[in-house]
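>>> What shape does this take:
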Amino acid sequence: MFKNKQEMKDVEELSNSSNIIGKGTVMTGDIETYGNIRVEGKIVGNMKTKSKAACGHSSYIEGNILAQNAEIAGHVTGRVEVSELLILKPSAVINGDIITNKLIVESGATFNGGCKMGVTIKEIKIGDQPEEISRIRKAE
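Predicted structure coming up:
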């Protein structure tokens with residue numbers, strides 16, 4: 001998958017990064033990241049991460065979520081696909097289908113849509129992967 005140790009190290013560094021969309025922030029468009037992402041604001045678009053997506057109480061997402069792990073406490077209108085563990089906190093409201101390997105629904109959480117569990121999701125691809133990493137590295 002990786003051509004050399006440097007490329008593997010680059011992917012590992014990108015996966016350890018953290019991104020925050022703060023409360024009161026409105027973002028329109030798709031977001032893709034290798035690292036963790038925390039949302040307290042509003043996103044109108046799709047969100048994709050190879051790591052963890054954390055959506056706080058004040059988060060509002062109009063679009064699909066694709067992540068390795070996710071913890072949702074806000075509102076999501078769209079499909080939620082999580083390759084490992086999805087946690088729905090008591091204040092979570094999901095209007096759309098859920099596809100995940102493992103699911104924890106805490107008392108009070110709401111979701112309106114279908115749910116498939118124990119499903120293996122294909123690999124989450126961000127950009128063009130190795131070429132994208134090389135381009136990011138050159139830009140730094």
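>>> Report pLDDT for Glu106.
We have a pLDDT of 96 for Glu106.
>>> List the residues that contact it.
Residues near Glu106 by CB atoms under 8 Å, 6 or more residues apart in numbering: Ile87, Leu88, Lys89, Pro90, Ala92. (Glycine included, C-beta is placed from N, CA and C.)
>>> The fourth one: what's its closest spatial neighbour, skipping adjacent residues?
In space, not counting the residues next to it along the chain, Pro90 is nearest to Gly108; the distance is 3.4 Å by CB to CB, 6 or more residues apart in numbering.
>>> what do you get for the second one?
Excluding the flanking residues, the one nearest Leu88 by CB to CB, 6+ apart is Ala109, at 3.8 Å.
>>> Between which two of the contacts of Glu106 is the distance greatest?
Farthest-apart pair in those is Ile87 and Pro90; separation 10.7 Å (CB to CB).
>>> Can you pick out the residue with more neighbours from those two?
The neighbour count for Ile87 versus Pro90, taken as other CB atoms under 10 Å, is higher for Ile87 (19 against 12).
>>> Parallel or antiparallel, which strands does the helix or strand encompassing the more buried one pair with?
Secondary structure from DSSP states H and E places Ile87 in strand 80-88. Strand 80-88 has these partner strands in its sheet, going by DSSP bridges: strand 65-67 (parallel), strand 69-72 (parallel), strand 98-105 (parallel).
>>> tell me the average confidence for that strand?
The pLDDT scores in strand 80-88 average 95.
>>> And that strand, what's buried?
Of the residues in strand 80-88, Val80, Glu81, Val82, Ser83, Leu85, Leu86, Ile87, Leu88 count as buried by neighbour count, 16 or more other CB atoms under 10 Å.
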